[in-house]
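Participant: Structure, please.
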Amino acid sequence: MLANINVDVDQEQVRAYINEKLDKMLNETLLYWDINEMAKRTTMSKSFLENEILHDSRMKLLERRKSKGKRIWPFEASAKVIQEITDEWE
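Facilitator: Sure thing, here's the model as predicted:
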């Protein structure tokens, strides 16, 4: 004898759960990020990041650059500083 089982799935909840897990996995493996990745992950434009975030002295302390090379920031520390900066906004 076969039984019929109906399962209702909230696709938005499933999508949110998957995205949360993916973000966690990516964050655990991401050591440094550049301004392009920062813009993508924060949904802020590069010019906004330059003007409002990267000129902050806390971010300047974290910036790494080899003579005239690409600027990078340690992911965890700079993400925390970005959170601090944005928490100060009204």
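Participant: per-residue pLDDT, residue 84?
Facilitator: In this prediction, residue 84 carries a pLDDT score of 97.
Participant: which residues does it contact?
Facilitator: Under the criterion of C-beta atoms under 8 Å, 6 or more residues apart in numbering, the contact partners of residue 84 comprise residue 58. Every C-beta, even on glycine, is put in place using the N, C-alpha and C of the backbone.
Participant: so how far is residue 18 from residue 7?
Facilitator: The span separating residue 7 from residue 18 equals 17 Å under the rule C-beta to C-beta, to the nearest Å.
Participant: same deal with residue 87?
Facilitator: The gap separating residue 87 from residue 18 is 28 Å, by C-beta to C-beta.
Participant: On the three-state scheme, residue 73 is what?
Facilitator: Put simply, residue 73 is strand when judged by DSSP: H, G, I helix; E, B strand; the rest coil.
Participant: Run through the residues that contact it.
Facilitator: For residue 73, the contacting residues are 32, 33, 34, 38, 59, 62, 63, 64, by C-beta under 8 Å, 6+ apart.
Participant: Residue 83: which of those is nearest?
Facilitator: Top of the list for closeness to residue 83, among those and by C-beta to C-beta, is residue 59 at 11.9 Å.
Participant: could you say what helices and strands the strand or helix carrying that closest one packs with?
Facilitator: Under the criterion of DSSP states H and E, residue 59 resides in helix 57-62. Packed against helix 57-62, as judged by 3 or more C-beta pairs under 8 Å, 6 or more residues apart in numbering; DSSP states H and E, are the following elements: strand 73-74, helix 75-87.
Participant: Now distance to residue 25 too, for these, in a markdown table please.
Facilitator: Putting the helices and strands packed on helix 57-62 into a markdown table (distance: least, C-beta to C-beta, whole Å) gives the following:
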| stretch | distance to residue 25 |
| --- | --- |
| strand 73-74 | 18 |
| helix 75-87 | 13 |
